[in-house]
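Peer 1: I'll drop the sequence and a predicted model, then ask my questions.
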Amino acid sequence: MMRFENTCIESLALTLPDEILTSAEIEERLRPLYERLKLPVGRLELMTGIRERRVWPAGTRASDASALAGRAALQKSALSPTQVELFIHSAVSRDMLEPATASFAHRKIGLPGTAQIFDVSNACLGFLNALTVAAGLIESGQIRCALVVAGENGGPLLQQTLQTLLAQPLSRNEIKPYFANLTIGSGAVAAVVCHRSLVKGCAHRLLGGVARAATQHSELCQGDTHGADSLAMQTDSEQLLVAGVELAKQTWAEFTATNGWTGNSFDRFICHQVGSIHRRKLYETLGLDLAKDFSTFETLGNTGSVALPATLATAVQAGAVREGQRIGLLGIGSGLNCLMLALEW
């Protein structure tokens, strides 16, 4: 159990690409596949609840996206970039294997050379992991201010998937591992995280959390590079749903028991944005009120590590998260890993 007394999210910013790609447009591109396999048009949105997702312009790097969000978070912040002592890039997407993508984003944002920088990568859970790393350093007195960013670019994976589905004579069963790739979107998010003594006004305080792993399921979703400028990923979506919800159930039991909480202890829940089936199964299994959910998968798709914090930022902007409310952040990522955090907004 992680406990935090002095760590706050001082500012939170979301940056999205301008280009929108609908599920209908994706299915139109896959028309030859649909006709050959006699697939019903509209099944992508029907099965996931995802109407559209965003796409960065060709050539956008992960550091470009992260830098946009990082600058936006600093513009909203009362703190100066010179006060940032730690900078973490926490996305699945990265510019290259070496150096750390944080190096490029650090330069593009214009952060001081005195800031410690590195990447944290843990599939869709990376941003929440980075928050806890920053919080630990703040609580221990080693730093007072950090900037955590994530910039996800799902475009290359989506394009490679479309090419594969159209180029190979796949059967209905053989296309299943590629289906999750069609739900991927793009976006970027950033948070200024600091000691509560630096916050003016309402302090959005991180209370603590619980993490659990179920690495026996690490082969259910695997992605890797596919040539110089593209990605490949295959997912056993059905088994991933079953295993992921079970891991969430175990994590939730520890999360609530440790603190004496129940579902009624929270005003709002923000979970990782996969789709409508995942959301319904998760809330049913944990016994949570679906009315407390706030979702963005309908218009953003699954944006990896950006998905949960982007949804939190959207909920705040929409007035669905208000001052004084307790928020449950229910994160999960392939591997499998689960991290649940409590936030007092």
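Peer 2: Structure's in. What do you need?
Peer 1: now the residue nearest the centre of the chain: how far from residue 224?
Peer 2: For the chain, the residue whose C-alpha lies nearest the mean C-alpha position (CA atoms, centre = their mean) is residue 305; its distance is 2.6 Å. Distance of residue 305 to residue 224, given as CB to CB, to the nearest Å: 17 Å. C-beta: built from backbone N, CA, C; applies to glycine.
Peer 1: How about residue 112?
Peer 2: Taken as CB to CB, the span from residue 112 to residue 224 is 35 Å.
Peer 1: who has more neighbours, the two?
Peer 2: In this view residue 112 and residue 224 are compared by other CB atoms under 10 Å, and residue 112 has more residues nearby, 13 against 8.
Peer 1: Which residues are in contact with the more buried one?
Peer 2: For residue 112, the contacting residues are 81-82, 84, taking CB atoms under 8 Å, 6 or more residues apart in numbering as the criterion.
Peer 1: Same question for residue 26.
Peer 2: Under the criterion of CB under 8 Å, 6+ apart, the contact partners of residue 26 comprise 44, 158, 162, 182.
Peer 1: which helix of the chain spans the most residues?
Peer 2: Among the segments of the chain that qualify as a helix by DSSP state H, the longest is helix 237-259.
Peer 1: tell me what that helix is packed against?
Peer 2: Packing partners of helix 237-259 (3 or more CB pairs under 8 Å, 6 or more residues apart in numbering; DSSP states H and E): strand 205-213, helix 276-286, strand 326-333, strand 337-344.
Peer 1: For the first one, which outside residues touch it?
Peer 2: The one in question is strand 205-213. Contacts of strand 205-213 with the rest of the structure, by CB under 8 Å, 6+ apart, involve 1-4, 7-9, 131-132, 135, 193, 196, 247, 250-251, 254-255, 258-259, 326, 329, 335-344.
Peer 1: can we see that at 7 Å?
Peer 2: Contact with strand 205-213 is made by 1-4, 7-9, 131-132, 135, 196, 247, 250-251, 254-255, 258, 335-344, as judged by CB atoms under 7 Å, 6 or more residues apart in numbering.
Peer 1: report the angle between the axes of it and strand 326-333?
Peer 2: Counting by axes from the mean of the first three to the mean of the last three CA atoms, to 10 degrees, strand 205-213 points 30 degrees away from the direction of strand 326-333.
Peer 1: Buried residues of strand 205-213, list them for me.
Peer 2: Within strand 205-213, the residues scored as buried using 16 or more other CB atoms under 10 Å are 205-212.
Peer 1: For stretch 47-63, buried residues please.
Peer 2: The neighbour-count check on stretch 47-63 (16+ other CB under 10 Å) flags 48-56, 60-63 as buried.
Peer 1: right, and the residue nearest to the centre of the chain touches residue 121 too?
Peer 2: No. With contact defined as CB atoms under 7 Å, residue 305 and residue 121 do not form a contacting pair (8.4 Å).
Peer 1: Next, show the common contact partners of those two.
Peer 2: In the contact map built from CB under 7 Å, 6+ apart, the residues linked to both residue 305 and residue 121 are residue 92.
Peer 1: Just give the nearest non-adjacent residue to residue 66, would you?
Peer 2: Nearest non-adjacent residue to residue 66, counting by CB to CB, 6 or more residues apart in numbering: residue 151, 3.5 Å away.
Peer 1: want to throw the contacts of residue 26 into a markdown table with secondary structure and distance to residue 22?
Peer 2: Listed next are those as a markdown table, based on DSSP: H, G, I helix; E, B strand; the rest coil; distance: CB to CB, whole Å:
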| residue | secondary structure | distance to residue 22 |
| --- | --- | --- |
| 44 | helix | 10 |
| 158 | helix | 12 |
| 162 | helix | 14 |
| 182 | helix | 11 |
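Peer 1: sorry, back to before: buried only: go through the contacts of strand 205-213 for me.
Peer 2: Using 16+ other CB under 10 Å as the burial test, the contacts of strand 205-213 include 2, 4, 7-9, 131-132, 135, 196, 247, 251, 255, 335-344 as buried.
Peer 1: which stretches of the stretch 101-250 of the chain form helices?
Peer 2: In the stretch 101-250 of the chain, the segments counted as helices under DSSP state H, counting those that start in this stretch are 101-109, 126-139, 155-167, 172-175, 237-259.
Peer 1: Give the buried residues for the third one.
Peer 2: Applying a neighbour-count criterion of 16+ other CB under 10 Å, one finds 155-162, 164-165 buried in helix 155-167.
Peer 1: What of the fourth one?
Peer 2: Residues of helix 172-175 classed as buried under the neighbour-count rule (16+ other CB under 10 Å) are residue 175.
Peer 1: mean confidence score for that helix?
Peer 2: Along helix 172-175, the predicted local confidence has a mean pLDDT of 93.
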